[in-house]
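J.: Whatever this is, show me its structure:
(one chain, ligands or ions: 1)
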Amino acid sequence: MSTCLAELSNIGITFGERKLLSNIDVRLHRGEIVTLIGPNGSGKSTLIRTLLGLQSPTEGKVTRHEDLRIGYMPQKLHIDPTLPLTVKHFLGLVRNVDKKDILPTLKKLGIEHLVNSQVRVLSGGETQRVLLARALLNKPNLLVLDEPVQGVDVNGQIELYKLIVKIRDEINCGVLMISHDLHLVMAQTDTVVCINQHVCCSGTPQHVKGHPAYQALFGIPGAESLAIYAHHHDHEHDEHGDIKAKTKDQNAHQHTQNCSH
Ligand SMILES: Nc1ncnc2c1ncn2[C@@H]1O[C@H](COP(=O)(O)OP(=O)(O)OP(=O)(O)O)[C@@H](O)[C@H]1O
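T.: Below is the predicted model of the structure:
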């Protein structure tokens with residue numbers, strides 16, 4: 001078994017009256033790509049913020065390997081559009097960056113020609129690659145990517161996922177990413193974790209594909225399209241995200257703390 005870089009154990013997050021996450025277990029290993037899926041607002045980014053130490057869990061704990069080095073790619077790049085800033089200068093702002101690494105990193109990602117471009121004029125796909133370059137300049141053994149293909153066209157998404165796999169293969173890092181795009185992600189990930197307050201199902205793509213929650217998800221006409229998907233389960237959540245109790249004759253599955261799906 002490869003090195004466990006970090007572990008989220010029994011994580012629960014409550015904001016005020018709202019229980020956002022409960023009983024979340026995720027282990028991240030070197031060389032493994034783990035993809036978090038789940039509907040909007042289900043807590044995927046919050047879980048990542050918890051791993052990064054930016055959000056304290058209400059319950060559970062985060063264990064980080066002593067050598068853990070995270071390269072984080074945020075969902076969005078927040079830069080004043082009036083600010084003159086080239087890609088080279090932007091990447092030079094990475095803490096402890098060796099400026100000699102900037103060009104080779106851009107080259108690895110196929111965007112060395114953008115080194116002197118203004119960040120504000122980059123396309124969606126170019127911006128994502130620059131953000132990936134920034135994450136890589138931190139020399140990570142764990143890449144954490146929050147919706148890495150956001151704002152990228154379909155062909156660009158396929159290329160970007162291939163690039164992430166190539167990077168994983170080259171530097172043998174772990175990867176944790178969030179995606180809404182099940183169809184493309186399935187081919188490129190080792191483990192899928194579907195969350196909607198709790199872990200609804202998780203495992204290898206093969207395992208998840210055979211899981212009722214996943215099949216319900218993909219049974220919807222058009223669910224395999226590349227649009228943001230509708231999230232269907234064999235249970236319902238109330239307005240707080242809690243699972244609604246069903247009557248026995250509805251043949252409902254009752255979740256317990258021992259559920260592994
Ligand atoms: N510090 C906070 N205080 C209160 N509520 C918060 C806080 N942080 C996040 N939330 C809420 O938690 C919910 C989950 O947010 P989060 O960004 O983790 O979801 P997500 O699954 O990543 O969503 P999306 O797919 O839309 O990006 C949202 O309703 C958000 O408003």
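J.: List of residues touching stretch 76-87?
T.: Residues from elsewhere that reach stretch 76-87, judged by CB atoms under 8 Å, 6 or more residues apart in numbering: 90, 106, 111, 114-120, 122, 127, 130-131, 150. (Each C-beta comes from the backbone N, C-alpha and C, glycine too.)
J.: from these, which single one is nearest residue 195?
T.: Nearest to residue 195 among the contacts of stretch 76-87: residue 150, at 18.4 Å, using CB to CB.
J.: show me what contacts the closest one?
T.: By CB under 8 Å, 6+ apart, the neighbours of residue 150 are 75, 76, 124, 128.
J.: The ligand versus that one, what's the distance?
T.: 9 Å (CB to the nearest ligand atom, to the nearest Å).
J.: Which of the contacts of stretch 76-87 are buried? Put it as a PyMOL command.
T.: Command for PyMOL, covering only those of these found buried under the criterion 16 or more other CB atoms under 10 Å:
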select buried, resi 90+106+111+114+115+117+119+122+127+130+131+150
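J.: now, which of the contacts of stretch 76-87 sits nearest the ligand?
T.: Ranked by distance to the ligand (CB to the nearest ligand atom), those are led by residue 150 at 9.3 Å.
J.: and the closest one, helix, strand or coil?
T.: Of the three states, residue 150 takes coil according to DSSP: H, G, I helix; E, B strand; the rest coil.
J.: re the thing from before, pick out the most distant pair among the contacts of stretch 76-87.
T.: 116 and 150, at 24.9 Å, using CB to CB across the contacts of stretch 76-87.
J.: Show me which of the contacts of residue 150 are buried.
T.: 75, 128.
J.: Using the record's assignment, carve the protein into domains.
T.: Per the record, the chain has its domains at 1-69+141-153+166-220, 77-139, by the TED database.
J.: now what about the lengthiest helix in the chain, what contacts it?
T.: Looking across the chain with DSSP state H, the single longest helix is helix 154-171. Defining contact as CB under 8 Å, 6+ apart, one finds that helix 154-171 is touched by 31, 33, 108-110, 124-125, 128-129, 132, 136, 140-141, 143, 145, 148-149, 152, 173-175, 177, 181, 184-185, 187-188, 226.
J.: Which ones among those lie within helices?
T.: Short answer: those in helices (DSSP H) are 108, 124, 125, 128, 129, 132, 136, 184, 185, 187, 188.
J.: of the residues you listed, closest to residue 97?
T.: Among the ones in helices among the contacts of helix 154-171, and counting by CB to CB, the member closest to residue 97 is residue 136, at 10.4 Å.
J.: since we're on that closest one, how many residues are nearby?
T.: For residue 136, the neighbour count with other CB atoms under 10 Å is 23.
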